[in-house]
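1. This is a predicted model, with the sequence first.
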Amino acid sequence: MKKKVCKKCKIVVAKDECPICKGRQFTDNWQGRLIVIDPEKSDIAKKIDIKVKGEYAIKIR
């Protein structure tokens, strides 16, 4: 199954519902990825306001 990205949260998902915002608006057109393992200790996650670990898209269209 092709991965898609939530347009609001930018988290990469394979299901039909975003695990963070419970939204259903996704895009297949995205570039780059950021994997956050520990959002509490990650300076990048804090800077872009990520509070849940996971795989995120850097750029979506």
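-> That came in fine, so what should we check first?
2. Lys53 reaches Leu34, doesn't it?
-> No - counting by C-beta atoms under 8 Å, Lys53 does not reach Leu34; the two are 11.1 Å apart. Just so you know, the C-beta spots here come from the backbone N, C-alpha and C atoms, and that holds for glycine as well.
3. need the strands for the chain, in chain order.
-> 4-6, 12-13, 26-27, 30-36, 54-60 (DSSP state E).
4. and the residue of the chain positioned farthest from its centre, what pLDDT?
-> Most distant residue from the mean C-alpha position of the chain: Lys41, 17.7 Å away (C-alpha atoms, centre = their mean). On pLDDT, Lys41 comes in at 95.
5. again with the one 3 residues further on
-> What the model reports for Ile44 is a pLDDT of 93.
6. what does Met1 give?
-> 68.
7. Where does the prediction get shaky in the protein?
-> Scanning the chain for pLDDT under 70 picks out 1.
8. and with 80 instead?
-> 1-2 (pLDDT under 80).
9. Wait, Lys8 touches Cys21, no?
-> Yes - here Lys8 lies in contact with Cys21, judged by C-beta under 8 Å, at a distance of 5.2 Å.
10. Need the residue closest to the centroid of this structure.
-> The residue lying closest to the centre of the chain (C-alpha atoms, centre = their mean) is Ile11, at 1.4 Å.
11. in the sheet, who's paired with that one?
-> Tyr56 (DSSP bridges).
12. how close does it sit to Ile50?
-> Separation of Ile11 from Ile50 (C-beta to C-beta, to the nearest Å): 9 Å.
13. Need the residues touching each of these two.
-> Taking C-beta atoms under 8 Å, 6 or more residues apart in numbering as the contact rule, Ile11 and Ile50 both touch Tyr56.
14. List the contacts of the residue nearest to Lys7 when sequence neighbours are not counted.
-> Among residues not flanking Lys7 along the chain, Gln25 sits closest, at 4.6 Å (C-beta to C-beta, 6 or more residues apart in numbering). The contact partners of Gln25, by C-beta under 8 Å, 6+ apart, come to 6-8.
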